[in-house]
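Student: Following is a predicted model, sequence given first.
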Amino acid sequence: MPELPEVETVGRLIRPGLVGRTITGTRVTWTRSLGGLSKPKFAKAVIGARVTSVWRRGKYLVFDLKRGRKSAGCLVGHLRMSGRMHVEAGDWNPGRHSRVRLDLDNGKAFHFIDVRKFGRLIYGDTPDRVWPALGPEPLSPDFTAEWLHENLRSRKRQLKPLLLDQSFLAGLGNIYVDESLFQAGLHPTRVSNEVRAPQAAKLHAAIRRTLEEAIEREGSSFDTFYRTPEGQPGSYQHQFLVYGRQGKPCRSCKKPIVRIVVGQRGTHVCGRCQPKPRQRSRNAHTALYSAHD
């Protein structure tokens, strides 16, 4: 599934072709892409509206719409497993997996293409009515090392599932969580409230650095589905330190990378660079509390 860097790349590349353009027509071949809205209601909501901005929130893309000076709601897109977005010439052939087409006033068209049909392009009055509760943006000023440490300490969950939780932190997925935890030297099964302030600072820096470098390389194409709106693959997959490298030597210590399952998700880790947290025995746990009785 495309994560923050891939969605950010898509937004940056389609923005010039959409902002300032008025939607003149629609064509929908898969109604479920609209999230429950009928084709006639969708057409009525967006035809005649002008796209005023394109921006990202977590793994979502938002197209703000206006009629005159008044808001006309927005479109919220989620690529899910295989979604792609293009702005192309009106006679461009998107192939048989095109789900939604928006004709534009300059003769071009926006295409939402989705092989597996899990993606969505939903109309709403405001984006908050479309997406669930989302945590802070990991590249925003609100996401600080202090915030991360405080919020890790306030929860008692394994790091990998917690960082994948979009209500905790928006935009991270399997790839960039594995890469960030490796760079921070933290095992994915470590319990969050046991992470000390210096470790949280390293993890904060690793998350920011990983995402920024991935955006610079237009994301990761680890399968045939993700391509930029220009049809090109991302290149960050060539920089992977652990993700997808099971059996290969760690780039730091040469020990083979292993694949484990954490929270029902395939997870890649170096057992030496990311030491597994020690589990306190039942007797030691009992003795600790007895000493304080």
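Tutor: Yep, it's here. Numbering: from 1, shown residues only.
Student: Okay, strands next: where are they in the stretch 1-150 of the chain?
Tutor: For the stretch 1-150 of the chain, the strands defined by DSSP state E, counting those that start in this stretch occupy 23-28, 50-57, 60-67, 70-78, 83-89, 98-104, 108-114, 120-124.
Student: which one of those strands lies closest to Val10?
Tutor: Judged by C-beta to C-beta, the one of the strands of the stretch 1-150 of the chain that comes nearest to Val10 is strand 83-89, at 5.5 Å. (Glycine included, C-beta is placed from N, CA and C.)
Student: Partner strands of the closest one, with direction?
Tutor: Applying DSSP bridges to the sheet, strand 83-89 is found paired with strand 108-114 (antiparallel).
Student: and the strands of the stretch 1-150 of the chain as TSV, adding distance to His268 and mean neighbour count?
Tutor: Converted to TSV, the strands of the stretch 1-150 of the chain look like this (distance: least, C-beta to C-beta, whole Å; neighbours: other C-beta atoms under 10 Å):
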stretch	distance to His268	mean neighbour count
strand 23-28	39	18
strand 50-57	26	18
strand 60-67	26	20
strand 70-78	25	20
strand 83-89	25	20
strand 98-104	32	21
strand 108-114	27	23
strand 120-124	29	22
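Student: how about these, which one is nearest Gln237?
Tutor: Across the strands of the stretch 1-150 of the chain, closest to Gln237 is strand 83-89 (C-beta to C-beta), at 17.3 Å.
Student: For the closest one, the averaged confidence score.
Tutor: Mean pLDDT, computed over strand 83-89, is 95.
Student: residue contacts, the residue nearest to Phe240 when sequence neighbours are not counted?
Tutor: Nearest residue to Phe240, sequence neighbours excluded (C-beta to C-beta, 6 or more residues apart in numbering): Glu179, at 6.7 Å. By C-beta atoms under 8 Å, 6 or more residues apart in numbering, the contact set of Glu179 is 206, 210, 240-243.
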